[in-house]
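K.L.:
how would this look folded up:
(one chain, ligands or ions: 1)
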Amino acid sequence: MVDYIIETDGLTREFTRRGKGRETLRKTTLRAVDELRLLVGPGESVGYIGANGAGKSTTIKMLVGILVPTSGTVRTCGIDPHRERRRLAAQVGVVFGQRSQLWWDLPVRESFDILAAIHQLPGAAARSRSTELIEQLELTEFLATPVRQLSLGQRMRAEVAAALLHRPRLVILDEPTIGLDVLSKQRLREFLITERREHGTTLLLTTHDMGDIERLCERVLVVDHGRAVYDGSLDGLARAAGAERTLVLDFADATPDLTGIPHTTHLGSEVAGARQRLAFDSEMTTAATVLAAVGERAQLRDLSIEEPDIEDVVRRIYRASR
Ligand SMILES: Nc1ncnc2c1ncn2[C@@H]1O[C@H](COP(=O)(O)OP(=O)(O)OP(=O)(O)O)[C@@H](O)[C@H]1O
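P.N.:
Residues are numbered from 1 along each chain as shown. The predicted structure is shown next:
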């Protein structure tokens, strides 16, 4: 029998809302999470995606015991999260991109000391773990700085270190890279990859950034109005979504529109055709084949490939499931 890290069945959460004005007596019920069955094994890395309001945060809150389910069952690290929230806290690290768990007026280092005491980590273990995290997340230069003076990228790295100080088996990240610059995103992703590889940590993350999913997750769960509409591999997601990639082509001279190339759609031209965008179906053709066809018609100077963005993938999955 596998000991699942996350195990939910029929997990449902409803919210009751009162109407406004004359409608105050009228109540409506909204199902934010609807009969969710989710099994996550040790060491898995799962991306949890969906449109705004799809139910991701509500699920996470039930997984960590902040919210009680309306019905269904949930066990996180084998523990009933709501009943034994404190015991669970020893095994789970949570990072909410929009909220801080650090002490705003204290230097970063002191927040770490307090957290080590809360988790009752033995002195030597706490020291070696903080040294490891400080090195890997490159925190040295601002350890003595009060949290409120940190840049967003610095603060997020400190948040992640704080959440992982006690070496949790499960790390849940809610929008960890939101608002971060490219370099900070990259550092954070690399850190999480190393952490997982070296400690077998299980990851569950919500994001609106396809790059996070591609770099960090092997499995993706897509939720729509609280219901799981896709649960499978990352490759399968792109296939299920039929997502297209886009070639951005720059030419030496003005070039007539590149229409009629098999399995491509001409999306538009700029600067008299010196820059054109061509979407291609990666199930049917390859970038190399498309480029060969383009090369016969015009002299290519530069090119880049744009991946489908996450909103686009989610929209296509929704359309296919309705
Ligand atoms: N405390 C609450 N009271 C009433 N409704 C709520 C509450 N929390 C969430 N909801 C509603 O439940 C639905 C799901 O919200 P949730 O925050 O889980 O979505 P989400 O997928 O995390 O969205 P986002 O990507 O915007 O964070 C939304 O319609 C939201 O308005």
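K.L.:
so which bits of this structure are right by the ligand?
P.N.:
The chain has residues 15, 17, 30, 32, 50, 52, 53, 54, 55, 56, 57, 58 near the ligand, with proximity defined as C-beta under 6 Å from any ligand atom. From N, CA and C alone the C-beta is placed, and that goes for glycine too.
K.L.:
what helices or strands is the lowest-mean-pLDDT helix or strand in the chain leaning on?
P.N.:
The element with the least model confidence among the helices and strands of the chain, by mean pLDDT, DSSP states H and E, is helix 234-241, at a mean of 76. With contacts defined as 3 or more C-beta pairs under 8 Å, 6 or more residues apart in numbering; DSSP states H and E, the secondary structure elements packing on helix 234-241 are strand 219-224, strand 227-233, helix 310-321.
K.L.:
out of the ones you listed, the one nearest residue 141 is which?
P.N.:
The closest of these to residue 141 is helix 310-321. By C-beta to C-beta, the value is 32.4 Å.
K.L.:
now do the buried residues in that closest one.
P.N.:
Neighbour counts over helix 310-321 (16 or more other C-beta atoms under 10 Å) mark 310, 313, 314, 316, 317, 318 as buried.
K.L.:
whichever helix or strand comes after the least confident helix or strand of the chain: partners in the sheet, and parallel or antiparallel?
P.N.:
Toward the C-terminus, helix 234-241 is succeeded by strand 245-251 as the next helix or strand (DSSP states H and E). Applying DSSP bridges to the sheet, strand 245-251 is found paired with strand 275-280 (antiparallel), strand 300-306 (antiparallel).
K.L.:
which of the residues of the chain next to the ligand fall in strands?
P.N.:
When DSSP state E defines the strands, the subset of these inside them is 15, 17, 30, 32.
K.L.:
excluding its backbone neighbours, what's nearest the second one?
P.N.:
The spatial neighbour of residue 17 that comes closest, neighbours along the chain excluded (C-beta to C-beta, 6 or more residues apart in numbering), is residue 28 at 5.3 Å.
K.L.:
where is pLDDT lowest across the residues of the chain next to the ligand?
P.N.:
In this model, the minimum pLDDT among the residues of the chain next to the ligand belongs to residue 17 (84).
K.L.:
test my guess that that residue contacts residue 32.
P.N.:
No. Taking C-beta atoms under 8 Å as the definition, residue 17 is not a contact partner of residue 32, at 11.0 Å.
K.L.:
for this structure, which segments count as helices?
P.N.:
56-64, 85-89, 108-118, 123-136, 152-164, 182-199, 210-216, 234-241, 287-295, 310-321 (DSSP state H).
K.L.:
CSV for those, including distance to residue 247?
P.N.:
CSV is the format used below for those (distance: least, C-beta to C-beta, whole Å):
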stretch, distance to residue 247
helix 56-64, 32
helix 85-89, 47
helix 108-118, 44
helix 123-136, 36
helix 152-164, 31
helix 182-199, 22
helix 210-216, 17
helix 234-241, 16
helix 287-295, 6
helix 310-321, 16
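K.L.:
among these, which gets the worst mean confidence?
P.N.:
When the helices of the chain are compared on average pLDDT, helix 234-241 comes out lowest at a mean of 76.
K.L.:
can you list the domains in the protein?
P.N.:
In the domain annotation for the chain, the residue ranges read 42-62+91-240, 243-321 (automatic domain parsing).
K.L.:
related to what we said a few turns ago, list only buried entries from the ones in strands among the residues of the chain next to the ligand.
P.N.:
residue 32.
K.L.:
which pair of the ones in strands among the residues of the chain next to the ligand spans the longest distance?
P.N.:
The span of those, defined through C-beta to C-beta, is set by 17 and 32 at 11.0 Å.
K.L.:
re earlier: of the strands paired with strand 245-251, which is nearest residue 42?
P.N.:
Nearest to residue 42, of all the strands paired with strand 245-251, is strand 300-306, at 35.0 Å by C-beta to C-beta.
K.L.:
check contacts around residue 97.
P.N.:
Contact analysis of residue 97 by C-beta atoms under 8 Å, 6 or more residues apart in numbering lists 156, 173, 174, 175, 176, 177, 178, 179.
K.L.:
restrict stretch 276-285 to CA atoms and write it as CSV.
P.N.:
These are the backbone C-alpha positions of stretch 276-285, laid out as CSV (Å, rounded to 0.1, in the frame of the first residue of the first chain):
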residue,chain,number,x,y,z
GLN,A,276,5.9,37.6,-38.9
ARG,A,277,4.2,35.3,-36.4
LEU,A,278,3.4,31.8,-37.4
ALA,A,279,1.6,29.3,-35.1
PHE,A,280,2.3,25.7,-35.7
ASP,A,281,0.8,22.5,-34.5
SER,A,282,3.6,20.6,-32.8
GLU,A,283,1.7,17.3,-33.0
MET,A,284,1.7,17.5,-36.8
THR,A,285,5.0,19.1,-37.7
